[in-house]
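A.B. asks: Got a predicted structure plus its sequence, pasted below:
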Amino acid sequence: MTYEELLTLLLGWTGRRVQVAIVVGEPLVTIAILDGLLAGGEKLSDGGVDAVAVAFADATAGFLITAALLDGAGWDERDRATLVVRMGPVTLWIALEADQADIPPFERTSISTNPAAGPRA
């Protein structure tokens, strides 16, 4: 999944409840779990960095998607309803709440849960 496809997908989930797990390292360690309605994204332009800040509706949390750090994005190979986004040492696991899990018709790109394996088409 390209950076633009990823942003289109995430921004298409605006107003929907998602859960985001932020994990780092090997073995994987969860450092945060965010839950709430996505409010949308805001393009950041600081020194030529191509990034979007995705915020939750309650304005207490959010996460960044940075084009230069994007190592891969696709559907989790185990459940196909969780979006896995790898940016450097950080992995985001993003899932719609169960009753909202009508996955949009983007090309299904599997991504291994093993960070060393990289994305697979």
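C.D. replies: Here it is on my side, so go on. Numbers count the residues shown, from 1 in each chain.

A.B. asks: how deep is Trp75 tucked in, by neighbour count?
C.D. replies: 19 (other C-beta atoms under 10 Å). To be clear about C-beta, it is placed using only N, CA and C from the backbone, and glycine gets the same treatment.

A.B. asks: Please tell me how far it sits from Thr82.
C.D. replies: Distance of Trp75 to Thr82, given as C-beta to C-beta, to the nearest Å: 7 Å.

A.B. asks: and if you look at Ala95?
C.D. replies: 4 Å.

A.B. asks: ditto for Gln19
C.D. replies: Gln19 sits 9 Å away from Thr82, taking C-beta to C-beta as the criterion.

A.B. asks: So which of those two has more stuff around it?
C.D. replies: Comparing Gln19 with Thr82 by neighbour count (other C-beta under 10 Å), the higher total belongs to Thr82, at 20 against 15.

A.B. asks: Contact partners for the more buried one?
C.D. replies: For Thr82, the contacting residues are 75-76, 93-95, by C-beta atoms under 8 Å, 6 or more residues apart in numbering.
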